[in-house]
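[1] quick one, structure for this:
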Amino acid sequence: MSERKKVLIGLSGGVDSATAVHFLNASGYEVIGLTLKMLPDAIEKACSAGEGFRVCCSKEAVMEARICAMKLGIPHYVINCSGDFKDKVIDYFIEDYLEAKTPNPCVFCNKHIKFKYLLKYASMMGIDYVSTGHYADIKYSGKYGMKLFSKPADADRDQSYMLSMLPREYIDKIILPLGPYAKSETRAYAEKLGLIVANKPDSQEICFIPDGDYAGFIMADEKSRGKIKPGNIATADNKILGRHNGLINYTIGQRKGLNIAHKTPLYVIKLDRERNEVVVAEAEAAEKKEFFVKGINWHPEAPITPGYVYAVKIRYKHRETEAELTPLDGGRAAVKLHKPERGVTPGQILAVYDGEFLLGGAVIE
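    Okay, here's the model as predicted:
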């Protein structure tokens, strides 16, 4: 009898990763659980005092992951990567906001922390594959002649966007067991298995900001001292309409919460760091058709094809839209959307698709 292949799965303390263990077990793998202690102590304490059971990687979540591992009959380990998490995710998040960008920390957490650490410890432990509870899949593409990340069966839960900046060489080492399942099916399996997380609410988007107050979190950091100042809200032709209390409180495409009076709705079209101004305009001027991206991460061995019509997402929950990409020097590309979109935001991730397959991503300039 051949020896079973081993899989190291990231257990976050949520229903998805716990139920993924069951699917891996059922597929014949030998499964080992690993929970990453990512939150610095001060932030973890704040999470535990408030919504600790809803924040992935809090002390409560680690406890729930361990209980689920015991129930599912797999070994479970915990490692501390909070220093790296602060350097690569939290500091990046704060610095981008201070530069008038809108970052996506989850994408870079997957690249710099979650999958990096899973693969590192899998190698150290002699384990063949790594796995997570992401709603995405990995399939062979005949067109590209290789395995690629792909969209899951549950379109409403599609998390493939979050994997767009992972290195190409990771793909063959990853198993994503939730790809064929809907979230409702996952919860149903968890209930049948008697897992304590079966009805646990989904964790919030930004795990290190438990109360959702991004601006307050940034202002409390020492790197922000003296850098957040009030200024004008103005039109592109310099007509002052109101005041803002810091650029970090705004994002491109924003309409609500501007607290200005105007006969038609206005949208944020630019955060001007030099003038410390929030620039607003009517809907048509807030739309953009052409822009640039940097730091391209491309999964297929075939390069980007100029003139080819790809599907792209300019934000995680944004609908797909058609676009053409023209490669430039230095890992950059020019993007031309077929239809103008509102909310093309510096710092956000552009994810690129061809049908069901995720081809990669880049950072919007």
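[2] alpha carbons only for contacts and neighbour counts from here, please
    Fine.
[3] what sits closest to I209 if chain neighbours are left out?
    F217 (7.0 Å; CA to CA, 6 or more residues apart in numbering).
[4] my read is that that neighbour contacts P210, right?
    No. Contact criterion CA atoms under 8 Å: F217 and P210 do not qualify, at 9.7 Å.
[5] more crowded one of the two?
    Neighbour count, other CA atoms under 10 Å: between F217 and P210, P210 has more, with 23 against 15.
[6] which strand or helix spans that one?
    Using DSSP states H and E, P210 maps to neither a helix nor a strand.
[7] quick one, grab the pLDDT at it.
    Among the per-residue scores, P210 holds a pLDDT of 76.
[8] what does it show for phi and psi?
    With angles defined as degrees, to the nearest 10, P210 sits at phi -60, psi -30.
[9] returning to that earlier point: the residue nearest to I209 belongs to a strand, doesn't it?
    No. F217 is assigned helix when assessed by DSSP: H, G, I helix; E, B strand; the rest coil, not a strand.
[10] ok, it to M70 distance?
    36 Å (CA to CA, to the nearest Å).
[11] please apply the same query to G331.
    Counting by CA to CA, the gap from G331 to M70 is 46 Å.
[12] over to L328?
    To M70, L328 is 51 Å away according to CA to CA.
[13] what's the answer for R4, then?
    20 Å.
[14] show me where the stretch 1-150 of the chain has strands.
    With strands called from DSSP state E, counting those that start in this stretch, the stretch 1-150 of the chain shows them at 6-10, 30-37, 76-80, 129-131, 137-141, 146-150.
[15] what sits against F357?
    S141, L148, F149, S150, K151 (CA atoms under 8 Å, 6 or more residues apart in numbering).
[16] what is the most widely separated pair among these?
    Taking CA to CA, the two most distant members of those are S141 and K151; they sit 12.5 Å apart.
[17] neighbour count: these two, which is higher?
    Shown here are S141 and K151; by other CA under 10 Å, K151 has more neighbours (24 against 15).
[18] quick one: contacts for that one?
    Applying CA under 8 Å, 6+ apart, the residues contacting K151 are Y135, A136, D137, D158, Q159, S160, G179, E356, F357, L358.
[19] nearest to I233, of the residues you listed?
    Nearest to I233 out of the contacts of K151 is Q159 (CA to CA; 35.2 Å).
[20] tell me which helix or strand of this protein sits lowest on mean pLDDT?
    helix 41-49 (a mean of 71; mean pLDDT, DSSP states H and E).
[21] low-confidence ranges, the stretch 1-150 of the chain, go.
    Residue ranges of the stretch 1-150 of the chain with pLDDT under 70: 1-2, 46-57.
[22] output whichever helix in the chain runs longest in CSV with nothing but the alpha carbons.
    Criterion DSSP state H: the longest helix present in the chain is helix 59-72. Presented in CSV, the C-alpha positions along helix 59-72 are these (Å, rounded to 0.1, in the frame of the first residue of the first chain):
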residue,chain,number,x,y,z
LYS,A,59,-6.3,33.7,21.0
GLU,A,60,-9.9,32.5,20.9
ALA,A,61,-9.6,31.5,17.2
VAL,A,62,-6.4,29.5,18.0
MET,A,63,-8.3,27.7,20.7
GLU,A,64,-11.2,26.9,18.3
ALA,A,65,-8.7,25.7,15.7
ARG,A,66,-7.2,23.3,18.3
ILE,A,67,-10.6,22.0,19.4
CYS,A,68,-11.5,21.4,15.7
ALA,A,69,-8.2,19.6,15.1
MET,A,70,-8.9,17.3,18.0
LYS,A,71,-12.4,16.6,16.8
LEU,A,72,-11.2,15.8,13.3
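[23] check the offset of that helix from the chain's centre.
    On the basis of CA atoms, centre = their mean, to the nearest Å, helix 59-72 sits 24 Å off its chain's mean C-alpha point.
[24] give the buried residues for that helix.
    K59, E60, A61, V62, M63, E64, A65, R66, I67, C68, A69, L72 (16 or more other CA atoms under 10 Å).
[25] residues in contact with the closest residue in space to the fifth one that isn't next to it in sequence?
    Looking back up the chat, that one is M63. Spatial nearest neighbour of M63, excluding adjacent residues (CA to CA, 6+ apart): G13 at 7.4 Å. Residues near G13 by CA under 8 Å, 6+ apart: C56, C57, A61, V62, M63, E64, A65, R66, C68, V197.
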